[in-house]
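Asks: Sequence and computational prediction follow.
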Amino acid sequence: KWTRHFGPLSGSEPKLKEPIERYIFTTFAYGCNLGPNQMARHSRSVVTSHMISYTNRRHISTSKIEAAIRDIINAYNRFSLPSVWGTGKRAAADGSKFEIYENNLHSEYHIRYGGYGGIAYHHVSDKYIALFTHFITCGVWEAVYILDGLLKNLSDIQPDTLHADTQGQSGPVFALSYLLGIKLMPRIRNWQDYTFVRPRTDITYSYIDPLFKDVVNWNLIKTHWYDMMRVVLSIKAGKVMPSTLLRKLSSYSKKNRLYQAFLELGKAVRTMFLLDYISNVRMRQEINAITNIVEMYHGFLDWVFFGKEGTITENDPIEQEKRLKYLDLVASAVILQNTVDMSLAINMLSEQGEVILQRHIAALSPYVNRHIKRYGDYVVNLHNIPQPLEAAMNLPPEIFES
């Protein structure tokens, strides 16, 4: 019943004929990037392009789509199968480029990806489902937005450990995540290029002493500690977002003493993480495994967003972000349905006497798509009521015992 969040912006009851059907068509049209015209052509004359564009403008906003996504995430989290894939306490953040028109306020040339576009910055749980998405410009350092997704995520899945690639870290980000109670564990490409700091000048270490090039300025941290805590409390209270602060602290100016204090604390936290990172093979394997989930999610989104060759044809920044929210909604619905189907199949095999091991299920993922038809006519049958989700929520207990 995620369509219950949609309706007129005034909050009154929708006056549409078959509003649920209209909302489903609109979500599919924009979530798969078909657009209103192609959706109308393939709906067997059930809707027109004007009906779809009108519904998008007058009945659906970004916040309403986020509420619908949250419903699907919460339903997904009630299943036993995702708990085999992950605990929900870890998430990974990474961006993928989407093509947009060059003459656009949001469009910039991306050196790493090539071409003009914008970045969809996803926070994906270790349970394979996306928790939040930002649409940012190509020129921004991705670490600026790495903490926003966790704070804006209001679903039942609440991670406390965040992974990313090398772009998802910096000294102030390590400090701010530490003070917010978030364990930042990024994938480091060239760890030897970072500064390791000692707690005091008179401390030396056997074998690894050449790694340490600097000393933590504890006096600077102590001087600005109350200012740092005010910032953290403001973020906790929802008065300011981490991205707003990190954009202000992105300057390397020596006159910005608060930046210098965050940087000093970040160096200390990052040093402890790097020492663990280079000595713990298992940690590196876990970080790579979870960041690979985000890469798999990007490939899954490319398959879902098949219309117009994946190019966002809207120039309004608000509408561009809505397209990505629609995409997350459709992708989350497919992930939920795949989980239902896989759970039913596992239960059926178990009832037939098949021995199913937990490690085999852990190798699966809800990103399968070969059984889904993307092309043709799209028909909504509101009289075909799906079976209750409770029938597929629990896996046989012997799987977890194995």
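Replies: That came in fine, so what should we check first?
Asks: If you rank every helix and strand of this protein by mean pLDDT, what lands last?
Replies: Of all helical and strand segments in the chain, the minimum by mean pLDDT, DSSP states H and E falls on strand 108-109, at a mean of 72.
Asks: Report the buried residues of the helix or strand following it.
Replies: Downstream of strand 108-109, the first helix or strand assigned by DSSP states H and E is strand 116-125. For strand 116-125, the neighbour count (16 or more other CB atoms under 10 Å) marks Y116, G117, G118, I119, A120, Y121, H122, H123, V124, S125 as buried. Backbone N, C-alpha and C define where each C-beta goes, glycine included.
Asks: Verify the contact between the third one and T137 for me.
Replies: Yes - using CB atoms under 8 Å, G118 is in contact with T137, at 6.1 Å.
Asks: Where does the closest residue to P159 other than its chain neighbours sit, in terms of helix or strand?
Replies: Nearest non-adjacent residue to P159, counting by CB to CB, 6 or more residues apart in numbering: A91, 3.9 Å away. According to DSSP H and E, A91 maps onto strand 90-100.
Asks: Nearest to R247, out of the buried residues of strand 116-125: which one, please.
Replies: Y121 (14.3 Å; CB to CB).
Asks: K325 versus that closest one, what's the distance?
Replies: 13 Å (CB to CB, to the nearest Å).
Asks: Show me whatever sits in contact with both of the two.
Replies: Shared contacts of Y121 and K325 (CB atoms under 8 Å, 6 or more residues apart in numbering): T133.
Asks: which residues touch the residue nearest the centre of the chain?
Replies: Centroid-nearest residue in the chain: H123, 1.9 Å away (criterion: CA atoms, centre = their mean). By CB under 8 Å, 6+ apart, the residues touching H123 are A91, A92, A93, A130, L131, F132, T133, G149, L150, N153, L162.
Asks: quick one: the single longest helix found in the chain to strand 116-125, angle?
Replies: For the chain, the helix with the greatest residue count under DSSP state H is helix 317-351. For helix 317-351 against strand 116-125, the angle by axes from the mean of the first three to the mean of the last three CA atoms, to 10 degrees is 40 degrees.
Asks: Can you check what angle separates helix 317-351 from strand 90-100?
Replies: Using the same axes, to 10 degrees: helix 317-351 against strand 90-100 is 130 degrees.
Asks: Pull out the buried positions in the very next helix or strand once past helix 317-351.
Replies: Using DSSP H and E, the helix or strand that follows helix 317-351 towards the C-terminus is helix 358-362. Residues of helix 358-362 classed as buried under the neighbour-count rule (16+ other CB under 10 Å) are I361.
Asks: what packs against helix 358-362?
Replies: helix 81-85, helix 397-401 (3 or more CB pairs under 8 Å, 6 or more residues apart in numbering; DSSP states H and E).
Asks: Dump those helices to JSON lines, plus mean pLDDT.
Replies: As requested, the helices and strands packed on helix 358-362 are exported to JSON lines (pLDDT from 0 to 100):
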{"stretch": "helix 81-85", "mean pLDDT": "94"}
{"stretch": "helix 397-401", "mean pLDDT": "78"}
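Asks: returning to what we had before: looking at the longest helix of the chain now, give me its mean pLDDT.
Replies: Summarised as a single mean, pLDDT over helix 317-351 is 94.
Asks: Also stretch 154-165?
Replies: On average, stretch 154-165 scores 93.
Asks: and that stretch, how far apart are its ends?
Replies: 24 Å (CA to CA, to the nearest Å).
Asks: what do you get for stretch 386-397?
Replies: Start to finish, the residues bounding stretch 386-397 are 25 Å apart (CA to CA).
Asks: in the stretch 201-350 of the chain, what spans have low per-residue confidence?
Replies: Counting by pLDDT under 70, the ranges of the stretch 201-350 of the chain that qualify are 250-254.
Asks: those helices in it, which residues are they?
Replies: Taking DSSP state H, counting those that start in this stretch, the helices of the stretch 201-350 of the chain run over residues 218-223, 225-236, 242-248, 257-279, 281-304, 317-351.
Asks: Cross-check the contact I'm expecting between C32 and V304.
Replies: Yes - with contact defined as CB under 8 Å, C32 and V304 form a contacting pair (6.2 Å).
Asks: any shared contact partners between these two?
Replies: L327, V330.
Asks: So for stretch 68-80, what gets flagged as buried?
Replies: A68, I69, R70, D71, I72, I73, A75, Y76, N77, F79, S80.
Asks: So which residues make contact with it?
Replies: 1-3, 5-6, 82, 88, 127, 129-131, 154-157, 325, 328-329, 332-333, 335-336, 339-340, 343, 389, 392-395.
Asks: hang on, the earlier thing: in terms of secondary structure, what does the least confident helix or strand of the chain contact?
Replies: Counting by 3+ CB pairs under 8 Å, 6+ apart, strand 108-109 packs on strand 116-125.
Asks: Please pull up the helix or strand immediately following the strand it packs on.
Replies: Using DSSP H and E, the first helix or strand after strand 116-125 is strand 130-137.
Asks: Who does that next one pair with, and is each partner parallel or antiparallel?
Replies: Applying DSSP bridges, strand 130-137 is found paired with strand 116-125 (antiparallel).
Asks: what angle do the partner strand and helix 281-304 make?
Replies: Using the same axes, to 10 degrees, strand 116-125 lies at 130 degrees relative to helix 281-304.
Asks: Run the chain-centre distance for strand 116-125.
Replies: 8 Å (CA atoms, centre = their mean, to the nearest Å).
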